[in-house]
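# just the structure for this:
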Amino acid sequence: MIIKEKDKVSSKGIKVRLVGNFMLIILISVIAFEGLLIYFTKYYFYKNVEGVLTNQIKIASDFYEKYFSNVDLKNNVLDNVDVFWRQTTAQVQIIEPTGRILMDSVGVLNKEPLDSSDFKDALKDEKGIFIGNEDYNKEKVIAISYPLKSDGRIVGVLRFISSLKEIDKVILNISLILISIGVIVILIAGAISIIIAHSIVHPLKEVTSAAELMASGNLKIRINKEKNDEIGRLADTLNFMAEEIEKRDKIKNEFISLVSHELRTPLTSIKGWAITLKTDETNDRDILYEGLNIIEKESDRLTAMVEELLDFSRLVSGKVTLKREKTDIIKILEYIEKYMGLRAKRERINFKVVYEELPFIEVDKDRIKQVLINLLDNAFKFTSPGGNVVLSALREENLIILKVEDTGCGIGREDLPHIKEKFYKGKNSKSQTGLGLSICDEIIQMHNGSLSIESELNKGTSAIISIPLKIENKGEKSHETKI
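From the prediction side, this is the model:
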């Protein structure tokens, strides 16, 4: 199968967009997930350090309050300084409420009073926490401050400071591992995205190529359906469309051939007799009468054929609107009985019209007449002299049933399912165009009714029309009328 250059560009464009969208979603998801993992890792380690320092500083503070609070803080620092850092390996600071550092385990004594946030929180009798860089040290640290009390009064602040350098190294290593895993996930997901995109684009490319071949007139091609998904259903639709177009094209060609043949016969007859009458020098009135009679009959035949074709064309194009009127269906039956009675006598067919009391019904009386005359015309054509044709009408619940029955030659089983199809002519058909029953079916459907045909070879045929008593008016005015 040949694919045009523009199809290649189009399919590549779809593939790139699909892969791009997949990768964008994956990238956002991985970055968000990794960001959360790194954040919670950092939170976990920092909380652990904070917890350890908090426990240690509380023990030291409680120990001071319990055993040394009766001595001045400054003297305690001089005499019992080891009490404060015995509980920890962190840097220890003892600070007066004014902010002056009385003691620092690493020897840092600022001239300026301490003014950090954690120190201020400790003066409020709360645990203070500070994470950041101290002025004397460029390393990141965590500082925990806790009040020192004597008789319930805050006499100073105990401050433990621990470096986060090693902790940050561990966090960095874990982060690098997580980022590496994320990159691997993105690469694997990218490869899978390309495979998935190809699995979507490839069938689309095949469907597009096949659709283009169909559009160019190759209706024999069919698309292979791989899966029963949206693309599979699209393939089914295109295959069905190609079959329908092929079928309609075949019907069109058969129709042109049929009409050409049917028109040629009466035209040949008319032309032949016109030439005969023109060149007849005997002026024989019998020949003149016979010729004019044949020309008249063939002209009527042509007129009927053209009218049938025009009727069908108007029905199919939706240009026919029903003029529904509140009509006495019995009046229509009486009219049909008179109209077809003379023909029945002429062809020696026993024709009866049978009906019971029927309610008025909203129908297009002219169209219903057309349907009944068409069905009776078919019945007369296929019924031999001495045979019976019956037109009956009755009510069944909310339906009016009209039935045309004959004792003619019947319709074969192979023809019966197709008898209402457009341009279909069965083996025993005497139709010129094969449109009669199709037109009848269209008219009855416009009345929201149904037309069914039952038949058996050498026994006869029944055409059954069902019309609902209540028909949606579609905005048309109704009025009682007499025929």
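# use CA for all of it now, contacts and neighbours both
Noted.
# quick one: the strands in the protein?
Assignment of strands within the chain using DSSP state E yields the ranges 91-95, 101-104, 128-134, 137-150, 153-163, 325-327, 350-355, 361-363, 388-396, 399-406, 450-456, 460-468, 480-481.
# what about residue 381, distance to residue 411?
Using CA to CA, to the nearest Å, we find residue 381 at a distance of 13 Å from residue 411.
# so which of these two has more stuff around it?
When residue 381 and residue 411 are compared on other CA atoms under 10 Å, the one with more neighbours turns out to be residue 411, at 23 against 15.
# which residues touch that one?
If a contact means CA atoms under 8 Å, 6 or more residues apart in numbering, then residue 411 has 428, 455, 456, 457, 460, 461 as its contacts.
# do residue 437 as well
Shown here is residue 437, whose contacts under the criterion CA under 8 Å, 6+ apart are 374, 375, 419, 420, 421.
# take the residues you listed and write them to a markdown table, including neighbour count, distance to residue 114 and pLDDT.
Converted to a markdown table, those look like this (neighbours: other CA atoms under 10 Å; distance: CA to CA, whole Å; pLDDT from 0 to 100):
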| residue | neighbour count | distance to residue 114 | pLDDT |
| --- | --- | --- | --- |
| 374 | 16 | 113 | 85 |
| 375 | 22 | 113 | 89 |
| 419 | 21 | 106 | 74 |
| 420 | 22 | 103 | 71 |
| 421 | 15 | 102 | 69 |
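# format those residues as CSV; extra columns: distance to residue 157.
Shown next, in CSV, are the contacts of residue 437 (distance: CA to CA, whole Å):
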residue, distance to residue 157
374, 114
375, 113
419, 106
420, 104
421, 102
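# taking those one by one, which sit in helices?
Applying DSSP state H to the contacts of residue 437, the entries found in helices are 374, 375.
# and which of the contacts of residue 437 is nearest to residue 91?
Ranked by distance to residue 91 (CA to CA), the contacts of residue 437 are led by residue 421 at 100.3 Å.
# residues in contact with the residue lying closest to residue 100 once chain neighbours are set aside?
Leaving out its chain neighbours, the residue that sits closest to residue 100 by CA to CA, 6 or more residues apart in numbering is residue 113, at 4.8 Å. When contacts are counted by CA under 8 Å, 6+ apart, residue 113 is found next to 98, 99, 100, 101.
# now do residue 113 against residue 399, distance only.
Look at residue 113 and residue 399: by CA to CA, they are 106 Å apart.
# per-domain residue ranges of the protein.
Following the assignment in automatic domain parsing, the chain carries domains at 1-214, 230-316, 321-481.
# and the ones you listed as TSV, adding distance to residue 223?
TSV is the format used below for the domains of the chain (distance: least, CA to CA, whole Å):
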stretch	distance to residue 223
domain 1-214	7
domain 230-316	6
domain 321-481	28
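# for this structure, what spans make up the helices?
5-67, 73-80, 82-85, 117-123, 165-215, 230-279, 285-317, 329-346, 365-381, 436-446.
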